[in-house]
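>>> Starting from these lines, generate the structure:
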Amino acid sequence: HAVVAVTDGLLDLLGPEEMEGVLGHELAHVSNRDTLISTVAASLAGAISMLASFARYALFWGSFNSRDDERDAHPLGVLIAAILLPAAALLIQLAVSRGREYAADDQGADWCGNPLYLASALKKLDAVGRRMPARAVPEATAHLFIVNPLKEGFLTGLFSTHPPIEARIARLNERAHRQGL
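Residues are numbered from 1 along each chain as shown. Okay, here's the model as predicted:
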């Protein structure tokens, strides 16, 4: 079961075709069970991060200092793993999220019949987001927006749940060009 809500602000901003593109995108997320996929990816990333935390605590409390050096892990190796594993888990989670956004763009464009509808909506939403960035939005909820609500910077873009808006629009425009639209 799923619900897609539309705000009055969105209805005021977008025309009917653009709204069709946005709803196609969001319903594609529902159809593809992207919430389930994202939940599994986040759970795996959390489990990997938790294992890395256990390794850090084990290093701190000295459980790797037993007399049987042949069976114990090397403390430097454990420390490196404890640092790199959570970063790798986060990057995998973000890659899955970005991939799902592109897939929803493609399927939404198929459903509404014209990729330019969604491309136009994304341009408008991006312009509004640049004029009025959502400062009060917690980073943990950024994935719930059709465009990234956080101020873009190098690190923000690198760790964003959404692909760059320009790349999404370019892909949709290229798709429309291939369709002769």
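>>> how many neighbours does Ala87 have?
By the criterion of other C-beta atoms under 10 Å, Ala87 has 13 neighbours. C-beta here means a position set from N, CA and C on the backbone, and glycine is covered the same way.
>>> How about Val22?
By the criterion of other C-beta under 10 Å, Val22 has 24 neighbours.
>>> so it sits right up against Ser120, yeah?
No: contact criterion C-beta atoms under 8 Å: Val22 and Ser120 do not qualify, at 10.0 Å.
>>> who touches both of those two?
Taking C-beta atoms under 8 Å, 6 or more residues apart in numbering as the contact rule, Val22 and Ser120 have no neighbour in common.
>>> Show me where the chain has its helices.
Per DSSP state H, the chain carries helices over the ranges 8-13, 16-31, 34-61, 75-112, 115-131, 154-158, 165-178.
>>> And those helices, which one averages the lowest pLDDT?
Sorting the helices of the chain by mean pLDDT places helix 154-158 lowest, at a mean of 55.
>>> Nearest to Ala2, out of the helices of the chain?
Comparison of the helices of the chain against Ala2 by C-beta to C-beta identifies helix 16-31 as nearest, at 4.3 Å.
>>> buried set for that closest one?
17-29 (16 or more other C-beta atoms under 10 Å).
>>> Just send these back as JSON lines, with distance to Leu116 too.
Output for the buried residues of helix 16-31, formatted as JSON lines (distance: C-beta to C-beta, whole Å):
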{"residue": "Glu17", "distance to Leu116": "8"}
{"residue": "Glu18", "distance to Leu116": "9"}
{"residue": "Met19", "distance to Leu116": "14"}
{"residue": "Glu20", "distance to Leu116": "11"}
{"residue": "Gly21", "distance to Leu116": "8"}
{"residue": "Val22", "distance to Leu116": "13"}
{"residue": "Leu23", "distance to Leu116": "15"}
{"residue": "Gly24", "distance to Leu116": "12"}
{"residue": "His25", "distance to Leu116": "13"}
{"residue": "Glu26", "distance to Leu116": "18"}
{"residue": "Leu27", "distance to Leu116": "18"}
{"residue": "Ala28", "distance to Leu116": "17"}
{"residue": "His29", "distance to Leu116": "20"}
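>>> Contact partners for the spatially closest residue to Leu11 that is not a sequence neighbour?
Once flanking residues are discounted, Leu11 sits nearest to Met19: 7.1 Å by C-beta to C-beta, 6 or more residues apart in numbering. Residues near Met19 by C-beta under 8 Å, 6+ apart: Val6, Leu10, Leu11, Ala121.
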